[in-house]
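*Asks:* for reference, the sequence and a predicted model appear below.
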Amino acid sequence: MDAYLLDWANLLLRWLHVIVAIAWIGSSFYFVFLDSNLLAPTADDLKAKGVDGAMWAVHGGGFYNPQKYLVAPKGGIDSKLHWFYWESYSTWLSGFALFAVLYLWNASAFLVDRQVLDWSPVAAGFTAVGFLVAFWFIYDAICRVFGFRPHGERIVAALLIVVVAFASWLACHLFAGRAAFLIVGAMLATAMSANVFFWIIPGQRKVVAAMTSGQPYDAGALAIHGQRGKQRSVHNTYFTLPVLIAMLSNHYGFLTSHPRRWLVLCLLMAAGALIRQFFVQRHGWHHGRARHPWPFAAAGVLVLLGLIAWMKPAPVPASAALPASVGYAQIAPVLAERCVSCHGEAVQMKNLRLDSQAQVEQHAQLIYQQVVVSRIMPLSNGTHMTDAERALVARWFEGRGRAP
């Protein structure tokens, strides 16, 4: 595919993915909020209708009164029943399409880091997809075997922590750093969407069909669908922040290039889960059903502060060999060796050329940001740019206009 069209596909798919992800996460957070804030009705008319919980809210100049029924509403449903599932499916489909266009199509550049593992792009691509599939089957088996035993959710949580940690370690030993972070996030996101597709929606359809059929039904037999749907929905809300930080963090080279990047990823996701627990339990605390959740927020913040302190780079001593003033002539050989293979006459990834002084001067800010500040480029450091070369580029950028 032409690089120009590939960039447009990347942009438009990323835009679509963000839009539908906002819709999915927003609706997920909203329903968790509702479940935690619905109160048993006191009005006789609501009790007569079979309302299990209700609340009042104000937004956009109007009042809203959402109500929850655990049985078929008496009198039936007199309007269209809305199903929340396309937000999930659209998020996964657009995300996988973006992953295919960016990572699978250019596996040799985005998935493979020869310094991590020297293997074929085809094998890397199939293995990356295998992570998504394998995690779903492992996660689903854990939930079905242990989910409804005594203390089942604690067992599930403990096993998932081990599985995700191992997957993070393995991904970071197979793929380029950026790809590893993204694959682990996509792995969790795949399980979230699969929960909706395989369990939550099918179970709800069975319950709705039974309750609206007008025929007698066994409420006990249907209860398992509600229990399983609730279980997977709760898992999804705890996966959300870990998925988001995994997706976002792959844009930050200081994270993905760290020697213990798998542990960095695990700790970031753990902080996200702890902070999400704070918001979930906060609703129950307001109604006196749970203790104040501040320890979860504090633990999440401490994990992040610990990461910041642990990852702080050691001061780089000033190199006596580094010139006081650096001009284009001194960085040109570095760019030619490290950058022009992807940004030159033959190939212009991102429609960017760095094989002339005019082009380099035009994109000086971008070069400085990507090479020195974020250290994202060269991609996965595939051309082995050294710290001394990055320092040379930094000195050139900082002294522009003063050196020939």
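*Replies:* In hand now; what should we look at? Numbering: from 1, shown residues only.
*Asks:* could you pull out the strands for the stretch 201-350 of the chain?
*Replies:* With DSSP state E, counting those that start in this stretch, there are no strands along the stretch 201-350 of the chain.
*Asks:* okay, now the unreliable bits of it?
*Replies:* Filtered on pLDDT under 70, the stretch 201-350 of the chain yields the residue ranges 315-321.
*Asks:* and if you look at the stretch 1-150 of the chain?
*Replies:* Applying pLDDT under 70 to the stretch 1-150 of the chain flags the ranges 1-2.
*Asks:* mind doing that once more with 80?
*Replies:* 1-4, 7, 70-79 (pLDDT under 80).
*Asks:* mind listing the helices for it?
*Replies:* Per DSSP state H, counting those that start in this stretch, the stretch 1-150 of the chain carries helices over the ranges 3-37, 44-49, 86-99, 107-110, 121-146.
*Asks:* let me see the contact set for the residue lying closest to residue 54 once chain neighbours are set aside.
*Replies:* Leaving aside its sequence neighbours, residue 54 sits nearest to residue 67 (Cβ to Cβ, 6 or more residues apart in numbering; 4.4 Å). Where C-beta positions appear, they are placed from N, C-alpha and C, glycine not excepted. Residue 67 sits next to 38, 41, 46, 49, 51, 53-54 when contact means Cβ atoms under 8 Å, 6 or more residues apart in numbering.
*Asks:* now the end-to-end length of stretch 350-357.
*Replies:* End-to-end distance of stretch 350-357 (Cα to Cα, to the nearest Å): 18 Å.
*Asks:* buried ones in that stretch?
*Replies:* Along stretch 350-357, these residues count as buried under the neighbour rule (16 or more other Cβ atoms under 10 Å): 352-355.
*Asks:* identify the residues contacting that stretch?
*Replies:* Contacts for stretch 350-357 (Cβ under 8 Å, 6+ apart): 3-4, 7, 328, 332, 335-336, 339-340, 343-345, 359-360, 363, 366-367.
*Asks:* what about 6 Å?
*Replies:* Under the contact criterion Cβ atoms under 6 Å, 6 or more residues apart in numbering, stretch 350-357 has outside partners 328, 335, 339-340, 343-344, 359-360.
*Asks:* and those as CSV, adding distance to residue 265 and neighbour count?
*Replies:* Below are these laid out as CSV (distance: Cβ to Cβ, whole Å; neighbours: other Cβ atoms under 10 Å):
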residue, distance to residue 265, neighbour count
328, 38, 17
335, 31, 21
339, 28, 24
340, 32, 18
343, 29, 24
344, 33, 18
359, 35, 17
360, 34, 19
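*Asks:* take these and keep only those in helices.
*Replies:* Per DSSP state H, helices hold the following members of the contacts of stretch 350-357: 328, 335, 359-360.
*Asks:* that older thread, of the contacts of residue 67, closest to residue 106?
*Replies:* Checking the contacts of residue 67 against residue 106 with Cβ to Cβ, the nearest one is residue 38 at 47.9 Å.
*Asks:* mind listing what that closest one touches?
*Replies:* Applying Cβ under 6 Å, 6+ apart to residue 38 gives the contacts 53, 55, 68.
*Asks:* please redo it, this time with the cut-off set to 7 Å
*Replies:* Each residue near residue 38 by Cβ atoms under 7 Å, 6 or more residues apart in numbering is listed here: 53-55, 68.
*Asks:* what about residue 294, neighbour count?
*Replies:* Residues lying near residue 294 (other Cβ atoms under 10 Å) number 12.
*Asks:* likewise for residue 171?
*Replies:* By other Cβ under 10 Å, the residues close to residue 171 number 24.
*Asks:* which residues touch stretch 176-188?
*Replies:* With contacts defined as Cβ under 7 Å, 6+ apart, stretch 176-188 is touched by 95, 99, 103, 110-113, 116, 128, 131-132, 135, 167-168, 171-172, 175, 239, 242-243, 246-247, 249-250, 256-257, 261, 265, 380.
*Asks:* same question for stretch 91-98.
*Replies:* Identification of contacts with stretch 91-98 by Cβ under 7 Å, 6+ apart yields 10, 13-14, 16-17, 20-21, 24, 186, 189-190, 193.
*Asks:* now that stretch: buried residues?
*Replies:* Quick answer for stretch 91-98 (16+ other Cβ under 10 Å): 91-96, 98.
*Asks:* repeat that for stretch 141-148.
*Replies:* 142-143, 146-147.
*Asks:* same check on stretch 124-139?
*Replies:* 124-125, 127-129, 131-132, 135-136, 139.
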